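Enquirer: quick one, structure for this:
(one chain, ligands or ions: 1)
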Amino acid sequence: MCGIVGVVGRNDATKIILTGLKRLEYRGYDSAGIYVAGKNNNLLKSTGPIKNLEAKLTPAITGTMGIGHTRWATHGKPTEENAHPHTSEKGELVLVHNGVIENYDELRQTYLSEDTFYGQTDTEIAVHLIAHFKNEGLQTKDAFKKALRLIEGSYAFALVDTQDDTTIYVAKNKSPLLIGLGDGFNVLCSDALAMLDQTSHFVELMDGEMVTLTATDAIIEDAAGQIINRDFYVAELDASDIEKGTYPYYMLKEIDEQPVVMRKIVQKYQNEDGSIAIDPNLLATLENSDRVYIVACGTSSHAGWAAKKFFETLTQLPVEIHLSSEFGYNMPLLSEKPFFIYLSQSGETADSRQVLVKTNELGYPSLTITNVAGSTLSREATYTLLLHAGPEIAVASTKAYTAQIAVMAVLAKALGTKKAILAANEFDLFHELGLIATAMETMINEKELLEELTAEYLTHTRNAFYIGRGNDYYVSMEAALKLKEISYIQAEGFAAGELKHGTIALIEDRTPVIGIITDAATGLHTRGNLQEVRSRGANTLVIATEELAKPDDQILLPTVHPLLTSLLAVVPTQLIAYFATLQRGYDVDKPRNLAKSVTVE
Ligand code: M6R
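Expert: Below is the predicted model:
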């Protein structure tokens, strides 16, 4: 949610900021803004995506230092007034912010009752507050520190004093922020992706820390004012990983990358002798636990559901799946020795983090499975397993979902083998993942058929249903989320047997109902449910494994291991969502109202 960037010590500051903002656009694209300090100080904002801001930058503005922001609105509508950067009343301070200030109203009433505000954002209050303390006689840095002590909530701030074009003041609490170190210049960014073409050396910041950033130094202080010496890490990513190449949309590229990701997971988690490369301490902790709680949001929680059956089968450990936003404030009665798994592509999701903070306080062991090394959830959990999926830029998550399931399978196989569970010993996971990769390629090559079926079934509909049982139900939930979040078709994923207990009332003439059938034990029941809706006018479409298929089924999945069918069955549903969105003329990668990384609760 919201992306911030900044640079100090470069003549091409404007270009660096704009490139960085474009790379952070996945975090929000309601509006954007830039401040560049140079011979003339320039502040520009616009609504809509970064390209609108770019269009306003003619003639080009130049300077050696600046900050930028791309917004996902929380407080106040996505208007130009509410776009960042925000300025103090006299314009001497300029601030960009990612996060939510919870006590903004109280701060306004206590300190800023005389001030005039142009927008409705909490950030405008923050910059006025800093200016308030500066006007009392404090230096900018001390005024910032004083304000930070009063501000409650989440923030990544970058603050500039317009009288000083050599320094950016930076602070972080709960929202992600990195410092990037260059040769004679330094940068800041919400995500290393933004600055990968400038540097691969990044320094993580911890909550409560503040940085004084100049072209040659990045001085970090903790909340008590102590100087912190922290080494940089080298980002593994390559700038080319985040290019779209010849693809029209990131989502299509990321769907196509899934077979490669499956093979990469095999490569990363397999030792030379064929055994599994997983921290023995993690396995020992899990072996000593009596129940696994998977805590996640959206697509990641659906990946948790897809992992439940094989995890329980291979490890004989019960698994519960919970939505982060519900779990933290409504914690169920826990088992005696719980183990928490946080599934999160970004590793930054605030809903999940608030649960992790609580389970850490309770002293429970945890594992984060994430795509982003060094992310907040990764740093704060006891253990981390990486997805190795490469950057996922499209808001609609695809390859992270399948990677999460595959890494959960690696963990289940390792634990089951350690516990000498027969089902795990008999399960040749790495071989099966290789077969899945090949089967995914087969499905990906069916784009023409899937495009035609999507046009036939989904062009003239307001709503659609996916149905299935067991794992096919869990894939249905994910398929429906994908369809609704980008095509805006109201889609629901249902347990096929539940339809007749109420939802079947929604079936009208030509309502699309897509059945997923990969399980011999339940396939005939799902077919029965499809028959029931067809009798009431529904337009049914079947995705079935070749061995369970009937002659009229439209989408055939190659046969793969029964515990891993979700990895394959989801692929045609991702492509259906993609084509439905294209056919309706919407932006596939940037659906309305959404952002990739949800860093506010
Ligand atoms: O980064 P996370 O995996 O924690 O994100 C969780 C959800 O916000 C995310 O999966 C969301 O549901 C996607 N937009 C779905 O495509």
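Enquirer: could you use CA atoms for every contact and neighbour count after this?
Expert: Will do.
Enquirer: break this protein down into its structural domains.
Expert: Using automatic domain parsing, the domain parsing of the chain gives 3-240, 244-440, 446-594.
Enquirer: those: which one's closest to residue 600?
Expert: With Cα to Cα as the criterion, residue 600 lies closest to domain 244-440 of these, at 5.3 Å.
Enquirer: sorry, back to before: make JSON lines out of the domains of the chain and add mean neighbour count, mean pLDDT and distance to the ligand.
Expert: Below are the domains of the chain laid out as JSON lines (neighbours: other Cα atoms under 10 Å; pLDDT from 0 to 100; distance: least, Cα to the nearest ligand atom, whole Å):
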{"stretch": "domain 3-240", "mean neighbour count": "21", "mean pLDDT": "93", "distance to the ligand": "10"}
{"stretch": "domain 244-440", "mean neighbour count": "20", "mean pLDDT": "96", "distance to the ligand": "3"}
{"stretch": "domain 446-594", "mean neighbour count": "20", "mean pLDDT": "96", "distance to the ligand": "6"}
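Enquirer: can I get those in a markdown table including distance to residue 601?
Expert: Output for the domains of the chain, formatted as a markdown table (distance: least, Cα to Cα, whole Å):
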| stretch | distance to residue 601 |
| --- | --- |
| domain 3-240 | 9 |
| domain 244-440 | 5 |
| domain 446-594 | 14 |
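Enquirer: what ranges do the strands span in the stretch 151-300 of the chain?
Expert: For the stretch 151-300 of the chain, the strands defined by DSSP state E, counting those that start in this stretch cover 155-161, 168-173, 178-181, 186-189, 201-204, 209-213, 218-221, 227-228, 233-234, 291-296.
Enquirer: mind giving me the packing neighbours of the fifth one?
Expert: If I follow you right, that is strand 201-204. Judged by 3 or more Cα pairs under 8 Å, 6 or more residues apart in numbering; DSSP states H and E, strand 201-204 is in contact with strand 178-181, strand 233-234.
Enquirer: make TSV out of these and add distance to residue 521.
Expert: Below are these laid out as TSV (distance: least, Cα to Cα, whole Å):
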stretch	distance to residue 521
strand 178-181	50
strand 233-234	49
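Enquirer: quick one: closest of those to residue 444.
Expert: Nearest of the helices and strands packed on strand 201-204 to residue 444, taken as Cα to Cα: strand 233-234 at 34.1 Å.
Enquirer: so what strands line up beside that closest one?
Expert: strand 201-204 (antiparallel) (DSSP bridges).
Enquirer: and the strand it pairs with, C-alpha only, in CSV?
Expert: Output in CSV follows, covering the C-alpha atoms of strand 201-204 (Å, rounded to 0.1, in the frame of the first residue of the first chain):
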residue,chain,number,x,y,z
HIS,A,201,23.4,-3.0,-1.6
PHE,A,202,20.5,-2.4,0.8
VAL,A,203,20.2,-1.8,4.5
GLU,A,204,17.1,-2.9,6.4
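Enquirer: going forward can the numbers begin at 15, since that is how I track them
Expert: OK, 15 is where the count begins now, so the last one is strand 215-218.
Enquirer: give the bridge partners for residue 200, please.
Expert: residue 22, residue 195.
Enquirer: right, and it touches residue 22 too?
Expert: Yes. Applying Cα atoms under 8 Å, one finds residue 200 in contact with residue 22, separated by 5.6 Å.
Enquirer: need the overlap of contacts for these two.
Expert: Taking Cα atoms under 8 Å, 6 or more residues apart in numbering as the contact criterion, the common neighbours of residue 200 and residue 22 are 227, 228, 229.
Enquirer: nearest residue to the second one other than its sequence neighbours?
Expert: What sits nearest to residue 228 in space, not counting adjacent residues and going by Cα to Cα, 6 or more residues apart in numbering, is residue 181, at 4.8 Å.
Enquirer: so what's residue 39 up against?
Expert: By Cα under 8 Å, 6+ apart, the neighbours of residue 39 are 17, 63, 64, 84.
Enquirer: the first one pairs with what?
Expert: The bridge-partner assignment for residue 17, based on DSSP bridges, gives residue 84.
Enquirer: give me the element residue 143 is part of.
Expert: helix 136-149 (DSSP states H and E).
Enquirer: who's in contact with that helix?
Expert: 89, 100-103, 106-111, 114-115, 118, 121-122, 125-126, 129, 131, 154, 156-158, 160-161, 165.
Enquirer: how near is residue 568 to residue 588?
Expert: Per Cα to Cα, to the nearest Å, residue 568 is found 16 Å from residue 588.
Enquirer: picking that back up, how far away from the center of its chain is the helix holding residue 143?
Expert: Relative to the mean C-alpha coordinate of its chain, helix 136-149 is positioned 31 Å out (Cα atoms, centre = their mean, to the nearest Å).
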